[in-house]
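> here's my sequence, what's the structure:
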Amino acid sequence: MNDVSPQGDDAHVTALGSSVASDLFQILRDGQPRTRTELSAMTGLARSTVALRIDALMNLGLVGPVGDAVSTGGRPSSQFAITASERVVLGVDVGASHVRIAVSDLTGRILGESDDRIQVSEGPEAVLGWVSTAARALMERVGRGPGDLLAIGIGLPGPVEHRTGRPINPPIMPGWDRFDVPGWFSDVFDAPVLVDNDVNISALGERELSWPEVDHLMFVKVATGIGSGVISGGILQRGAQGTAGDIGHVYVARGADVPCTCGNRGCLEALASGPAIARELRETGLEAESSQDVVDLVKRGNIDAIQAVRQAGRDIGEVLTTCVSLINPSVIVIGGNLAQAGEHLIAGVREIVYTRSMPLATEYLQITQSKSGSDAAVLGACMLAIHHALSPENVEAMVVGAPAR
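Sure, this is the predicted structure:
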């Protein structure tokens, strides 16, 4: 902020010009075109001040004219709205055995995608090396240059300290512990990098694609591991260190003697994850090594597999009953590979949650399968980047640093 002593209301506004531009941009984020006069009336700012800040946002490629308003006599006024197509973000979904990247505009519309089968156990250099090479090629393919990129969102299949973007003791990610993911990209892209766990970004993507009007939602991923992303009051909840929603390591009495990869016993993940169910089925003589093998057995009508999946749903439901009492979601979405087993898993969840939760909490509660499937994670990574890039603080910083027109 300039060290000046402005006089009068308009002078005060000019001294705070960058935040004014940010405020105008946040109004325009709803997608509705508005004239300078309308923006002036909504904010109480002088029309000349609004015009200067709209020019600054246009200079950044964030806002542009979209046509004229209906004339009430005289020359019609120009309308302005977010220019979604000029600036882009990159979303990266790193799974246990795959990596998927996407470039999206500022509304979350996917412009291009790329993916490959890569084991996360190969280590951060191998995985992120593929990401950087593929991302540059994808940006070129969709006709965007490095200067068009506003931010990068990355989802990882393990616990992430959101403040630093570093994975912390991730069970299935050897070599990744405390690896500086944002720092690794600093020499590759001149854009901020946001890192979160894969379940949180899936929650963001599922809500964006399928439940945009729902402000209280839990996304539960059941695959190699089990975790959840919690949206409350329309905001993703991470907790103090970023581990909110880590239900996979909640104790379940039925598995008191079952060891978990975290070193404890009786964790939900050790009972109800895809590998846990596959292990149980192998003990009965069936061939099952992975979540997909379990799903295939269920789809073929194998009774043992169906019963095992139903019991896994009950175990998950036992933990979710506590979650319902704590955060009172209106929707619980079940995703991940094991959700492909259809109603058998979800039926087990519903059986326990609807029976044991208070009636007021479940009167309108929906427990349903993910509508977005594998698209949720990569879109959620894009939304993570968009929310950061278009936050009031970052729009303000862009305006301050923008060159004069």
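
> quick one: low-confidence parts of the stretch 101-250 of the chain?
Residues of the stretch 101-250 of the chain that meet the criterion pLDDT under 70 are absent altogether.

> what ranges do the helices span in it?
The residue ranges that make up the helices of the stretch 101-250 of the chain, judged by DSSP state H, counting those that start in this stretch, are 124-141, 181-185, 198-210.

> show me what counts as buried in stretch 348-365.
Of the residues in stretch 348-365, 348-350, 352-354, 357, 361-362, 365 count as buried by neighbour count, 16 or more other C-beta atoms under 10 Å. In this view, the C-beta of every residue, glycine as well, is placed from N, C-alpha and C.

> against residue 301, how distant is the residue nearest the centre of the chain?
Centrality entry for the chain: nearest residue to the mean C-alpha point is residue 201, 2.6 Å, by C-alpha atoms, centre = their mean. In this structure, residue 201 lies at 34 Å from residue 301, with C-beta to C-beta, to the nearest Å as the measure.

> distance check, residue 61 against residue 376.
Distance check for residue 61 against residue 376: by C-beta to C-beta, it reads 28 Å.

> neighbour-wise, which of these two wins?
A side-by-side neighbour count of residue 61 and residue 376, using other C-beta atoms under 10 Å, places residue 376 first with 30 against 17.

> can you lay out the helices of the stretch 101-250 of the chain as CSV showing distance to residue 36?
Putting the helices of the stretch 101-250 of the chain into CSV (distance: least, C-beta to C-beta, whole Å) gives the following:
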stretch, distance to residue 36
helix 124-141, 34
helix 181-185, 38
helix 198-210, 30
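
> and the longest helix seen in the chain, what other elements does it pack with?
The single longest helix within the chain, with elements called by DSSP state H, is helix 303-327. Secondary-structure packing of helix 303-327 (3 or more C-beta pairs under 8 Å, 6 or more residues apart in numbering; DSSP states H and E): strand 217-222, strand 226-232, helix 268-272, helix 274-282, helix 291-299, helix 343-356, helix 359-362.

> got the CA positions of the shortest one in CSV?
Same thing as helix 359-362. Provided in CSV are the C-alpha atoms of helix 359-362 (Å, rounded to 0.1, in the frame of the first residue of the first chain):
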residue,chain,number,x,y,z
PRO,A,359,-33.5,-39.6,13.7
LEU,A,360,-33.0,-35.8,13.3
ALA,A,361,-29.5,-36.3,11.8
THR,A,362,-30.7,-38.9,9.3
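
> partners of the helix or strand just after it, with directions?
As assigned by DSSP states H and E, the chain's next helix or strand after helix 359-362 is strand 366-369. Applying DSSP bridges, strand 366-369 is found paired with strand 331-335 (parallel).

> so how far is the partner strand from its chain's centroid?
15 Å (C-alpha atoms, centre = their mean, to the nearest Å).

> tilt between that strand and strand 226-232?
150 degrees (axes from the mean of the first three to the mean of the last three C-alpha atoms, to 10 degrees).

> ok, which stretches of the stretch 51-200 of the chain are strands?
Here the stretch 51-200 of the chain has its strands, by DSSP state E, counting those that start in this stretch, at 63-68, 78-82, 88-94, 99-104, 110-116, 149-156, 160-161, 166-167, 193-197.

> elements contacting the third one?
Using 3+ C-beta pairs under 8 Å, 6+ apart as the contact test, the elements touching strand 88-94 are strand 99-104, helix 124-141, strand 149-156, helix 198-210, helix 375-389.

> next one: the fourth one to chain centre, how far?
Relative to its parent chain, helix 198-210 has a centroid offset of 5 Å by C-alpha atoms, centre = their mean.

> need the max-distance pair from the buried residues of stretch 348-365.
By the measure C-beta to C-beta, the buried residues of stretch 348-365 have their two most distant members at 348 and 361, which lie 18.7 Å apart.

> give me the nearest residue to residue 354, chain neighbours excluded.
residue 362 (5.5 Å; C-beta to C-beta, 6 or more residues apart in numbering).

> which ones are touching the closest residue to residue 94 other than its chain neighbours?
Leaving aside its chain neighbours, residue 94 sits nearest to residue 156 (5.2 Å; criterion: C-beta to C-beta, 6+ apart). Contacts for residue 156 were tallied using C-beta atoms under 8 Å, 6 or more residues apart in numbering; they are 94, 120, 167, 170, 173, 176, 181, 195-198.

> which two among the residues you listed are spaced furthest apart?
Of all pairs drawn from the contacts of residue 156, the one with the longest distance (C-beta to C-beta) is 120 and 196, at 15.2 Å.

> fine, thanks again, bye for now.
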